[in-house]
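S.K.: Kindly return the folded structure for what I paste below:
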Amino acid sequence: MDYSPKFSVSNEIIKYLARIDAAKAIVDELSVPLTFQNEFRIEAKARMSHYSTKIEGNRLTLKQTKELLAGKEVIARDIDKREVMNYYDCSNGSSKPRSPGNPSPRKISKICMP
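M.R.: Alright, predicted model coming up:
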């Protein structure tokens, strides 16, 4: 069974591929300053916490989630805030409980799966 592509490689396509490859080489050699890396990491964790809990029915907005994770007071249902904070803690590997008397997900996991 022979492969017959439905396109042809022209000089123009080769020129663009060469440009892309050159641009990729430049980007690969760049180093991102630590301050930007930390900002990117914080932003990514906030978005991940927001969207991963949003699909489960959490009502917090992305802005509220970022404010909550920054330690600011957010007017929202306690269950929504707890859910976001617990997700964030789990994604960071934290084992501290979010509220008194409530064990962390990691501790629960250790109890349930010794």
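
S.K.: shaky segments in this structure?
M.R.: For the chain, the stretches flagged by pLDDT under 70 are 93-114.

S.K.: Quick one: the helices in it, in order.
M.R.: When assigned using DSSP state H, the helices of the chain occupy the ranges 11-29, 34-54, 62-69, 78-92, 105-112.

S.K.: Any idea which of these gets closest to residue 1?
M.R.: Put simply, out of these the one that sits nearest residue 1 is helix 11-29, at 25.3 Å, with distance taken as C-beta to C-beta. To be clear about C-beta, it is placed using only N, CA and C from the backbone, and glycine gets the same treatment.

S.K.: List the buried residues in the closest one.
M.R.: Within helix 11-29, not a single residue qualifies as buried, counting by 16 or more other C-beta atoms under 10 Å.

S.K.: Kindly report the same for stretch 43-51.
M.R.: Across stretch 43-51, burial judged by 16+ other C-beta under 10 Å covers 45, 46, 49, 50.

S.K.: May I see those residues arranged in CSV, with distance to residue 76 as well?
M.R.: Formatted as CSV, these follow (distance: C-beta to C-beta, whole Å):
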residue, distance to residue 76
45, 19
46, 15
49, 14
50, 12
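
S.K.: now, the most widely separated pair of those?
M.R.: Of all pairs drawn from the buried residues of stretch 43-51, the greatest distance, 9.6 Å, lies between 45 and 50 (C-beta to C-beta).

S.K.: For residue 77, which non-adjacent residue is closest in space?
M.R.: Closest residue to residue 77 in three dimensions, ignoring its sequence neighbours and counting by C-beta to C-beta, 6 or more residues apart in numbering: residue 59, at 6.6 Å.

S.K.: and if you look at residue 67?
M.R.: If you skip the residues right next to it in sequence, residue 67 has residue 74 as its closest partner in space, 5.3 Å away by C-beta to C-beta, 6+ apart.
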